[in-house]
Structures are given as C-alpha cells and as structure tokens.
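Participant: Here's my sequence, what's the structure:
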Amino acid sequence: MSKLLHRSVCLSLSGIVLVSLSACGGLNRASQSAVGLVTPYKIDIVQGNFVSREQAAALKEGMSRAQVRDILGTPLLTSIFHADRWDYVFTFKRQGVEPQSRRVTVFFEGDVLSKVQADPLPSEAEFVASLDSGRKTGKVPDLEMSPERLAATAAASQAVPAKPLPPLPTSYPPLEANAN
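Facilitator: Here you go, the predicted model:
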C-alpha cells in the first residue's frame, strides 16, 4: 500500500507542477499584453530654429546679415566652408505623432541676402495649433481687466499712502571673515 500511496502522491505533485507551469505561461502572456497597454512617457523633443511662413515672407533680397538675423534669429548651422550660407533646421518629435522636420537656407553674396530656399512652412497660428493637438485643456482664464476693475484697482492703490522706506545703512560688514 505504501507503493500505491507513494505513486498517487507523485502523480498529484506532478499534476500540480504541470498546472503551475501552464498557469505561469498564461500569466506571462497576460502580463505581456498588459505591458503593451502601458507605455512610458516620452517628452516632446524640439530642436533647432522654428521659422514661420510670416518670417520667411519678411525676408527680402538685399537685406543685410544683421537684418536677416533679427528676423530669423541666429542660424543653427554655419560653416566655414560655406560662409555665404546659413541653415535654419527645425525638428519636432512627439510620442504618437509623425516627426516634423523643416529646413530654411538663406544665401548671401558678401553681406547681402541673395536667395532663400525653404521647405513648406506653417504659419505661427498653425504651428501653435499643432502643439496642442490631442491635449485636453481647461477653461482659458480671462487675461484682460475690465475697465471698471482697472479703475477700481487704480483708485485703491492711490487711496493707500505709500510708507517711506527705511534709510539704507551707511556701512556694511566685511564679506569674508579674517582667516588668522
């Protein structure tokens, strides 16, 4: 009878081990599908100079380098081998959205703008709208004061007399202690 008991215990333990191993495989598949649902947060990566359609339209042949820099900003790429060329490169990578990449190249003859080559550029309003796509925002606060509230604030500030400031000290302690 001990052989029979031993055999049934071994079969029972083998069954438990098999069920446990198969359950582990099921848990593994379930955990893998759960991991697929949860994705890590990836920050938006903005690199380079954003140039809008309005900025590119403001460029005119014959402008000086300083005028171009005032409109477009400092170029991202300048080369000692191409001293008469400035490259403005912009890339924007965001999780779940196709990366954006744009390039604007300005060419100079001496110190004068001669030509501009640019990818299709969005307007400033279009670019700002693309930044907020898919994000939920709350109510936008009113950033202007009504004329009545502005007048009340001005009247309240004039009604309270300003207190005079205390006199400034005539001497100050030394900045460093003597290291004797």
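
Participant: how close does the residue nearest the centre of the chain sit to His82?
Facilitator: For the chain, the residue nearest the mean C-alpha position is Asp44 (4.7 Å; Cα atoms, centre = their mean). Per Cβ to Cβ, to the nearest Å, Asp44 is found 31 Å from His82. Where C-beta positions appear, they are placed from N, C-alpha and C, glycine not excepted.

Participant: same check, this time on Ala177
Facilitator: 57 Å.

Participant: Looking at those two, which has the bigger crowd around it?
Facilitator: Comparing Ala177 with His82 by other Cβ atoms under 10 Å, the one with more neighbours is His82, at 12 against 7.

Participant: and Lys93, what does it touch?
Facilitator: Asp44, Ile45, Pro99, Gln100 (Cβ atoms under 8 Å, 6 or more residues apart in numbering).

Participant: Apart from its chain neighbours, what residue comes closest to the second one?
Facilitator: Spatial nearest neighbour of Ile45, chain neighbours left out: Lys93 (4.3 Å); criterion: Cβ to Cβ, 6 or more residues apart in numbering.

Participant: now the helices for this structure?
Facilitator: Taking DSSP state H as the test, the helices found in the chain are 2-37, 53-58, 65-72, 124-131, 147-159.

Participant: hmm, back to that, now the contacts of Lys93: which count as buried?
Facilitator: Gln100 (16 or more other Cβ atoms under 10 Å).

Participant: which one among the contacts of Lys93 gets closest to Pro161?
Facilitator: Checking the contacts of Lys93 against Pro161 with Cβ to Cβ, the nearest one is Asp44 at 50.1 Å.

Participant: I'd say that closest one and Val97 touch.
Facilitator: No. If you go by Cβ atoms under 8 Å, Asp44 and Val97 don't touch, sitting 9.1 Å apart.

Participant: Quick check: can you list the domain ranges of this structure?
Facilitator: 1-38, 45-131 (automatic domain parsing).

Participant: Can you flag the weakest of those by average pLDDT?
Facilitator: Out of those, domain 1-38 stands lowest, with a mean of 63 (criterion: mean pLDDT).

Participant: what's the single longest strand in this structure?
Facilitator: Looking across the chain with DSSP state E, the single longest strand is strand 97-109.

Participant: name the helices or strands packed onto it?
Facilitator: helix 65-72, strand 85-94, strand 112-118 (3 or more Cβ pairs under 8 Å, 6 or more residues apart in numbering; DSSP states H and E).

Participant: rerun at 10 Å
Facilitator: strand 45-48, helix 53-58, helix 65-72, strand 85-94, strand 112-118, helix 124-131 (3 or more Cβ pairs under 10 Å, 6 or more residues apart in numbering; DSSP states H and E).
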